[in-house]
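S.K.: My questions concern the predicted model and sequence given below.
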Amino acid sequence: MIKTLMLGTAQWGWTVSQTEAFQLLDAWLGAGFRHIDCATNYPINRNAADFRAAEKILHEYTLAHGLHELCLTMKIGSLDNLRSPEINLAPSFVQMMTEEYLRIFGANLSCTMFHWDNRDQVGEVCASLEALNRLQQEHGIRPGLSGIAHPEVYAAANAALGLSFEIQVKHNILQSDFERYAPLSALAAGDDGHHAIFAYGLNAGGVKLEATYPSESTFLARGGQPEKVAALLEKTRALLPHWNTAFVRPPVKTMNHIGLIFAGLHPRLNGILLGVSSVAQLRETLDFWRNLETFDYSDVFSALKKILLPAQITL
């Protein structure tokens with residue numbers, strides 16, 4: 001099982017303070033990892049004063065430590081952090097933002113990723129992709145996509161360019177967008193490696209298997225409603241005793257474990273974006289990731305595929 005792990009920053013400047021983010025980066029780099037994901041509109045907490053706060057935290061850290069060897073993905077397009085649909089992915093804007101991030105992050109920048117694009121016109125999308133193509137040729141910046149409303153339009157627009165994308169898809173046991181990206185993901189992982197597909201949202205925005213939610217929890221901060229996930233959690237909890245007694249291996253205990261199995265054992269995913277909010281959670285996640293690399297959890301993966309809820313739930 002060879003997959004790339006990436007550290008997410010969506011909560012930085014919101015439920016994760018700058019001090020906590022710095023501690024996460026210390027632990028992440030100390031563990032030997034270099035891939036980090038950020039976005040212009042992080043955190044998306046509907047507080048305009050926090051627009052671009054996550055990237056500012058990351059920039060301050062890279063400056064303080066003189067870092068030049070990160071693999072940083074920056075998602076662009078959104079014009080605010082209010083969860084509005086307003087975007088700008090015009091070629092000039094794509095060029096401007098990528099050059100700005102090259103100035104800010106230098107050699108650490110490895111991917112410019114389009115974020116939340118609802119356009120359905122092939123010509124408009126093609127013009128934006130041509131800008132990414134120029135940036136890749138001029139600076140070696142890999143193109144990426146996340147939250148794309150019409151993957152089939154992107155597939156058509158990319159037919160002539162043949163760009164290899166990094167693609168982020170929401171993938172957890174409540175909702176998976178992997179199949180929706182089929183027009184683009186047809187050449188992922190198992191074929192010629194044309195695109196690299198990363199899963200995010202592994203624990204469905206902070207869903208917990210057992211515990212109640214404190215008022216400051218990520219799940220509630222994002223507007224999560226515990227009653228909406230009760231049916232899925234009941235099915236999952238009913239299987240835990242079998243999973244944890246049938247084999248000699250470390251037990252499956254948390255929603256995070258389940259999310260790691262569901263994404264980590266997916267044969268056509270190339271990597272995973274970890275949305276951890278504390279050093280303790282990061283270490284626990286990496287410990288269980290090592291379990292996945294050592295022990296056989298394929299039975300859990302097979303069971304999870306069968307109980308995936310057919311209806312998409314908005315958390």
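M.R.: Good, I have the coordinates.

S.K.: who's in contact with the closest residue to Ala127 other than its chain neighbours?
M.R.: Ranked by CB to CB, 6 or more residues apart in numbering and with sequence neighbours excluded, the top spatial neighbour of Ala127 is Pro91, at 5.3 Å. C-betas here are computed from N, CA, C, even on glycine. Pro91 makes contacts with 127-128, 130-131, as judged by CB atoms under 8 Å, 6 or more residues apart in numbering.

S.K.: Give me the buried entries from those residues.
M.R.: 128, 130-131 (16 or more other CB atoms under 10 Å).

S.K.: The stretch 51-200 of the chain: helices as residue ranges?
M.R.: Secondary structure of the stretch 51-200 of the chain (DSSP state H, counting those that start in this stretch): helices at 53-65, 91-105, 122-139, 151-157, 182-185.

S.K.: Average the pLDDT values over the fourth one and round to the nearest integer.
M.R.: In this model, helix 151-157 has a mean pLDDT of 96.

S.K.: now do the last one
M.R.: Rounded to a whole number, the mean pLDDT of helix 182-185 is 84.

S.K.: Could you list every helix and strand in contact with it?
M.R.: helix 151-157, strand 166-170 (3 or more CB pairs under 8 Å, 6 or more residues apart in numbering; DSSP states H and E).

S.K.: Give me the neighbour count for Phe114.
M.R.: Around Phe114 sit 24 other residues, with neighbours defined as other CB atoms under 10 Å.

S.K.: Any idea what it is bridged to?
M.R.: For Phe114, the beta-bridge partners are Ile76, Leu145 (DSSP bridges).

S.K.: Contacts only, for it.
M.R.: Phe114 makes contacts with 75-77, 89, 94, 128, 132, 143-146, 148, as judged by CB under 8 Å, 6+ apart.

S.K.: and with 10 Å instead?
M.R.: By CB atoms under 10 Å, 6 or more residues apart in numbering, the contact set of Phe114 is 75-77, 87, 89, 94, 125, 128-129, 132, 143-148, 154, 165.

S.K.: Would you mind giving me the confidence score for it?
M.R.: We have a pLDDT of 98 for Phe114.

S.K.: now it: how far from Ala21?
M.R.: Remark: distance between Phe114 and Ala21 (CB to CB, to the nearest Å) = 24 Å.
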